[in-house]
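Participant: here's my sequence, what's the structure:
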Amino acid sequence: MLSLDYFKNTFLFAFLCLLLGGNPLQAQIFPAAQHTAQYLPLLKNKKVGVVAHAASKIYRNGKATHLIDSLLSHNIDIKKIFAPEHGFRSREDNGAMIKDEIDSLTQLPIISLHGKNKKPQAEQLEDLDIIVFDLQDVGARFYTYLSTLHLILEACAESNIPLLILDRPNPNGHYVDGPVMEDEFKSYLGMHNIPIVHGLTLGEFAHMINEEGWLNNKIKCDLRVIKIEGYTHQSAYNLPVRPSPNLPNAKAINLYPSLCLFERTVVSIGRGTEQQFQIYGHPSFKGDFSFTPQPNFGAKYPKLEGEKCIGKNLQSHPRINRFELKWLIEAYRQYPEKEAFFISRFAYLAGTKKLEEQIKNGWSEMEIRNSWEPQLSQFKTMRKKYLLYPN
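Facilitator: From the prediction side, this is the model:
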């Protein structure tokens, strides 16, 4: 059951996006799903699978239509839906194990890619001629839609099924920054040797995965990307629909790559409030701003539930254009029990064990940033080969 606050915030988010140009029609940025004339002919008389979630929307004349409903209205033969983390309706908690089901509205089977398997099995693809992929990403290495993309590419390549990507803007596509993933710490939270903020759309990233030989046995997928109209990497794009339960607005999405590392520390980043990824705090900190996490939509069991956390409110912070380290460093310095600050698997989010060690050893922010530079520069050079849009 969704809370009244969720509906209020969703309505406010949509209204602000319209006001600020977040709706693709208002901003003159048209995600690829808008361009039905470009891809419907590719799907006619085909048995189709679709990778989609709640943000897979098409906007026309001020109205939103879900991609699935649009395809069905054009008599496209959809056989099944594949759903990423948070589920097809984007209502499940972070990390929740989601079962396969039948969609109550369309009666189509939904195959969960965040349940017993994260990669479609060969038998699940046997009755398909093509897969359409339309997920809204936010440009961070550990946002798992990127891993879903990789595994879909691999499954399609192994089963000789073409993949059609309907590209969407990256709201954090205006910069590239952060430590680069090391092989030792690769997981579903990060499958590629890339920085935390990669600055690519999923369409661009799909080409990178395919052409750099990152799929199993260096196989290649029969890939086609329908491009976004009117988008550049410097475009300020406000998502009309939250891409996951705990990214409720443009500010949270912008701060997400920098604040997400707090997930593997003792500090709360506002799960269990209505300011997720816009605030942070802990009961041991000092200051004037406080919040108390309570169970809500997207956080049934929030960290520090029921405890008054003291910290910082970043809701009025200017739009950032780099991966910010200062908040993590400040929080570590404030926390009284230094050895307990970082918790298990922090390195799997950071992509390296070095960052934790550098902070513990008192490195300055500049010294830490300089240590990333060689690998970061190499990635930026590689990235240029795959840009579909002006940088």
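Participant: which helices and strands sit right next to the longest helix seen in the chain?
Facilitator: Scanning the chain for the longest helix, with DSSP state H as the assignment, gives helix 365-384. If you count contacts as 3 or more CB pairs under 8 Å, 6 or more residues apart in numbering; DSSP states H and E, helix 365-384 packs onto strand 177-180, strand 195-197, helix 354-360. Just so you know, the C-beta spots here come from the backbone N, C-alpha and C atoms, and that holds for glycine as well.
Participant: secondary structure element holding residue 39?
Facilitator: Using DSSP states H and E, residue 39 maps to helix 36-43.
Participant: contacts for that helix, please.
Facilitator: Here helix 36-43 makes contact (CB atoms under 8 Å, 6 or more residues apart in numbering) with 32, 58, 70-71, 74, 76, 130, 132, 164, 166, 224, 226.
Participant: just say which of the helices and strands packed on helix 365-384 is most tucked in.
Facilitator: With neighbours defined as mean count of other CB atoms under 10 Å, the helices and strands packed on helix 365-384 peak in mean count at strand 195-197, which reaches a mean of 26.
Participant: what helices and strands are in contact with that one?
Facilitator: Short answer (3+ CB pairs under 8 Å, 6+ apart): strand 195-197 packs on strand 177-180, helix 365-384.
Participant: at 6 Å what do you get?
Facilitator: strand 177-180 (3 or more CB pairs under 6 Å, 6 or more residues apart in numbering; DSSP states H and E).
Participant: average pLDDT for the strand it packs on?
Facilitator: Averaged across strand 177-180, pLDDT comes to 98.
Participant: of all the helices and strands packed on helix 365-384, which one comes closest to residue 170?
Facilitator: strand 195-197 (9.6 Å; CB to CB).
Participant: quick one: average confidence on that closest one?
Facilitator: On average, strand 195-197 scores 98.
Participant: what element comes up after it heading to the C-terminus?
Facilitator: Counting by DSSP H and E, the next helix or strand C-terminal to strand 195-197 is helix 202-211.
Participant: shaky segments in the chain?
Facilitator: Judged by pLDDT under 70, the chain has its weakly predicted residues at 1-27.
Participant: if we use 90, what do you get?
Facilitator: For the chain, applying pLDDT under 90 flags the ranges 1-28, 60-62, 94, 105, 298.
Participant: quick one: the strands in it?
Facilitator: Using DSSP state E, the strands assigned to the chain run over residues 47-52, 57-60, 63-66, 77-83, 101-102, 109-112, 130-134, 163-166, 177-180, 195-197, 223-226, 279-282, 289-291, 309-313.
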